[in-house]
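Participant: sequence and predicted structure are below.
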Amino acid sequence: MMEKEFFEESADRVAPELLGSLIVRKTGQETVKGKIVEIEAYLGKEDPGSHAFNGKTDRNKLMFDTYGKIYVYLCYGLHHMFNVTAGIESTGAVLVRAVEPVEGLEKIKENRNVQDFYSLTDGPGKLTEAFEIDRSFNGENVSEGDLRIEKGETVEEVKKSGRIGISRGKERELRFYIPGNRFVSS
DNA sequence: CACGCGATTCGCT
DNA sequence: GCGAATCGCGTGT
């Protein structure tokens, strides 16, 4: 169980700590689990790459709420992005970019329409499809409910780089991943 | 109220 | 490697 207080530190400190943790998704009878192997930090209103940079809007208002809340939004009209808000008053969030399947592999394969094993959950839009995550989770506490994060194994080595896919704020190294893991994107 | 585009993915040229 | 898919948000008229 990941306590809400875990997310009160700023996103750039929370993100690397979450590597190795488990996303736990309960769908009716089944439970699907995945180990977080890649994650990015967005630092809120101080961060040009963040949705919160230009102030509070209808979409990002959750980031101005409190830490430890699920924030999901639709990207390119097709893909859901799974975030958790982080930091006291910092309007930050972490974006889960890739997981390694741990439990419920059959369900994951059923939800994803690809053959290659390593393409099942190696991207932010892929893992939300695999884990049936959409905007209905918005505002829920990540430490309870049908979608939560649980403490997993301790990761021995963490690498970092610039964030992927954004146009502003690329220079800062706010992407963290487990080197060598096959599910890390690109 | 119209318009441009994005924290992406997949299939095909 | 390139481009289409697809839609809600944010901005400006």
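Facilitator: Looks like it came in fine. Numbering: from 1, shown residues only, chains lettered A, B, ... in the order given.
Participant: now do the same for the residue nearest to residue A:104 when sequence neighbours are not counted: its pLDDT.
Facilitator: Distances taken as C-beta to C-beta, 6 or more residues apart in numbering put residue A:32 closest to residue A:104, at 3.4 Å, once the chain neighbours are dropped. The C-beta positions use only the backbone N, C-alpha and C, and glycine is treated the same way. Here the pLDDT value assigned to residue A:32 is 98.
Participant: may I see the buried residues of whichever strand or helix holds residue A:32?
Facilitator: Assigned by DSSP states H and E, residue A:32 belongs to strand A:30-42. Going by neighbour count (16 or more other C-beta atoms under 10 Å), the buried part of strand A:30-42 is A:32, A:33, A:34, A:35, A:36, A:37, A:38, A:39, A:40, A:41, A:42.
Participant: what residues does chain A have near DNA strand B?
Facilitator: Within chain A, the positions adjacent to DNA strand B are A:40, A:42, A:49-51, A:74-79, A:81, A:83, A:93, A:95, A:112-114, A:119, A:123-126, A:129, A:163-167, A:185 by C-beta under 7 Å from any atom of the strand.
Participant: which of those are close to DNA strand C?
Facilitator: A:51, A:74, A:76, A:77, A:78.
Participant: backbone dihedrals for the last one, please?
Facilitator: Backbone geometry at residue A:78, expressed as degrees, to the nearest 10, gives phi -130, psi -40.
Participant: spatially nearest residue to it (excluding sequence neighbours)?
Facilitator: If the residues on either side of it in the chain are set aside, residue A:78 comes closest to residue A:125, at 7.2 Å by C-beta to C-beta, 6+ apart.
Participant: which residue ranges of chain A form strands?
Facilitator: With DSSP state E as the criterion, chain A has strands at A:22-27, A:30-42, A:70-75, A:79-86, A:92-103, A:147-150, A:159-161, A:175-177.
Participant: need those in TSV with distance to residue A:134, can you?
Facilitator: Putting the strands of chain A into TSV (distance: least, C-beta to C-beta, whole Å) gives the following:
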stretch	distance to residue A:134
strand A:22-27	11
strand A:30-42	14
strand A:70-75	6
strand A:79-86	5
strand A:92-103	14
strand A:147-150	10
strand A:159-161	28
strand A:175-177	24
